[in-house]
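Peer 1: Just need the structure, nothing else, for what follows:
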Amino acid sequence: MGELRPLAEDLTPESRALATALRELFEGLKVSVRRYAARRVRDAGTFSRYLNGTRIPPWEVVTDLFTDVAEHRGVAATPEAIELVRRLHRAAVETSASPRHAVEVLEQQLADADRDSRRSTARGDALGDALLDRKHRIADLEVRLSQLEAEWSAERERADRLAAANPDVTALLRERDLLQGEVARLSADLHAAHKQRTEAEERCALLERQMEALEQTQPAPTT
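Peer 2: Purely as a prediction, here's the structure:
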């Protein structure tokens, strides 16, 4: 950490908070900036600016840092710690005036929308499997009830025996009714999951169009 300059006074509060968190995280590696940059095949000067707060790193740089610190220490950061840095990173990006940082805002939003879409898809698949299972169970119960009703109609002379079996029929009807109620609930949940996935996919498409339009307005990089 001795090779890093003190944080500049003119940093925004959001950039200062993020840089401080990144420095604390980087300190856990016990290596120089130059050595770490070489390890990750990154430019040492650019990485220094990340730690100095004068440039905001892409989120993937932060996740790589979390991974490398976890490998070095033998223990991963808690979800709470990662979420804290994620909020600091988002705040720093959203308050930056740089066009590149505006693109990063959209990239973050796109990643969030894509994650929501994938989660909705997974939930929809799980609900679909559960719904199919309940429908199969209801179909099985309906067949068994139909068989009992057929036996009841065809064999009136066995009324006494069927009357003795009546508690079983009642139990089957009760189980069928309960399953039908569960099917209705699962169907509603599945519809909601499909709707959420559709909305997330539409948001992904919108964000991709916004990113493309914003990138086209930026000047070409100089060599």
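Peer 1: Skipping adjacent residues, who's closest to S120 in space?
Peer 2: In space, and not counting its chain neighbours, S120 is closest to R197: 3.5 Å by CB to CB, 6 or more residues apart in numbering. C-beta here means a position set from N, CA and C on the backbone, and glycine is covered the same way.
Peer 1: go on, Q196?
Peer 2: Using CB to CB, 6+ apart, the nearest residue to Q196 is S120, at 4.3 Å.
Peer 1: so which strand or helix has the one you found?
Peer 2: Assigned by DSSP states H and E, S120 falls within helix 99-154.
Peer 1: Quick one: list the elements packing against the next helix or strand after that helix.
Peer 2: As assigned by DSSP H and E, the chain's next helix or strand after helix 99-154 is helix 159-217. In this structure, helix 159-217 packs against helix 99-154, with contacts taken as 3 or more CB pairs under 8 Å, 6 or more residues apart in numbering; DSSP states H and E.
Peer 1: Next, the contact list for the residue nearest to S120, please.
Peer 2: R197 makes contact with S117, S120, T121, G124 under the criterion CB atoms under 8 Å, 6 or more residues apart in numbering.
Peer 1: Include pLDDT and neighbour count when you put the residues you listed into a markdown table, please.
Peer 2: Shown next, in a markdown table, are the contacts of R197 (pLDDT from 0 to 100; neighbours: other CB atoms under 10 Å):
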| residue | pLDDT | neighbour count |
| --- | --- | --- |
| S117 | 74 | 19 |
| S120 | 71 | 20 |
| T121 | 74 | 16 |
| G124 | 71 | 19 |
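Peer 1: Can you pick out the most distant pair from the residues you listed?
Peer 2: Of all pairs drawn from these, the one with the longest distance (CB to CB) is S117 and G124, at 10.3 Å.
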